[in-house]
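Chemist: pasting the structure only:
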C-alpha cells in the first residue's frame with residue numbers, strides 16, 4: 001500500500017511541478033522548460049530504476065536509496081551555477097491552506113483508489129469506503145481550485161492552461177505518469 005501511494009504522489013508531483021514552474025518562464029522558453037521537465041522525468045524513471053536494480057542486486061537494497069543523492073547534488077550545482085531560476089528579493093509567503101488541501105485531496109484519492117479488500121466478495125462491502133474517500137478528495141480539490149482562482153499569487157496559475165499546446169503537453173505527461 002505504502003509503495004503504491006508513494007508512487008502515485010511522486011507521479012502527481014511531476015505534473016504539479018510543471019504547472020508551478022510555468023510562470024517563471026516566458027514565451028518560447030516556456031515550451032523548452034516543459035519539454036525539459038517531461039524529458040528528464042522520463043529519463044529519470046529509466047535511469048533510476050536501472051541504477052537502483054543494479055545496486056540492489058550487487059550491494060543490497062539499502063544502497064539503492066542512494067541513487068537520488070548524486071543526481072540531487074548535480075542538479076543543485078547546475079541550478080546555482082547557471083541561475084536557471086531567477087532569484088526573488090522579497091520573502092515568499094507560503095499558502096499553507098492551499099498546500100494542505102491539495103495534499104489532502106491527492107492523499108485521499110490515492111487511498112481511495114487502493115483496493116484494500118480480499119477479492120470481489122468484499123469489494124461491495126468496501127464501496128462506501130472508496131466512494132467516501134473519492135468524494136472527500138473531490139471536495140478538497142474543489143476547495144483548492146476555488147482558492148487558487150481567487151488569489152493574487154496562486155500556487156498554480158490555471159490561467160496558463162488556456163494555451164492549448166501547453167495544456168496538451170501537461171495532460172499527455174499526466175496521462176503517461178498515471179498509466180505507469
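Modeler: Received it, and whenever you're ready, just let me know what you need. Every value quoted in this text rests on a predicted model; they were computed, and no experiment measured them.

Chemist: May I have the phi/psi pair for residue 94?
Modeler: phi -80, psi 130 (degrees, to the nearest 10).

Chemist: Tell me how many other residues surround it.
Modeler: 8 (other Cβ atoms under 10 Å). All C-beta atoms are positioned from the backbone trio N, CA, C, and that covers glycine.

Chemist: The helix or strand containing residue 58: which residues count as buried?
Modeler: Element membership of residue 58 [criterion: DSSP states H and E] is helix 28-59. By neighbour count with 16 or more other Cβ atoms under 10 Å, helix 28-59 contains the buried residues 30, 33, 34, 37, 38, 41, 45, 51, 52, 55.

Chemist: biggest separation within these, which pair?
Modeler: Greatest spatial distance among the buried residues of helix 28-59 (Cβ to Cβ): 30 and 55, at 36.3 Å.

Chemist: would JSON lines of the buried residues of helix 28-59 with pLDDT and distance to residue 102 be doable?
Modeler: Putting those into JSON lines (pLDDT from 0 to 100; distance: Cβ to Cβ, whole Å) gives the following:
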{"residue": "30", "pLDDT": "70", "distance to residue 102": "22"}
{"residue": "33", "pLDDT": "73", "distance to residue 102": "21"}
{"residue": "34", "pLDDT": "71", "distance to residue 102": "20"}
{"residue": "37", "pLDDT": "73", "distance to residue 102": "19"}
{"residue": "38", "pLDDT": "71", "distance to residue 102": "21"}
{"residue": "41", "pLDDT": "71", "distance to residue 102": "19"}
{"residue": "45", "pLDDT": "73", "distance to residue 102": "23"}
{"residue": "51", "pLDDT": "77", "distance to residue 102": "31"}
{"residue": "52", "pLDDT": "76", "distance to residue 102": "28"}
{"residue": "55", "pLDDT": "78", "distance to residue 102": "33"}
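
Chemist: List just the nearest of those residues to residue 168.
Modeler: Once Cβ to Cβ is applied, the member of those that ends up nearest residue 168 is residue 34, at 10.2 Å.

Chemist: do you know how far the residue lying closest to the closest one once chain neighbours are set aside is from residue 141?
Modeler: What sits nearest to residue 34 in space, not counting adjacent residues and going by Cβ to Cβ, 6 or more residues apart in numbering, is residue 169, at 5.2 Å. Distance of residue 169 to residue 141, given as Cβ to Cβ, to the nearest Å: 21 Å.
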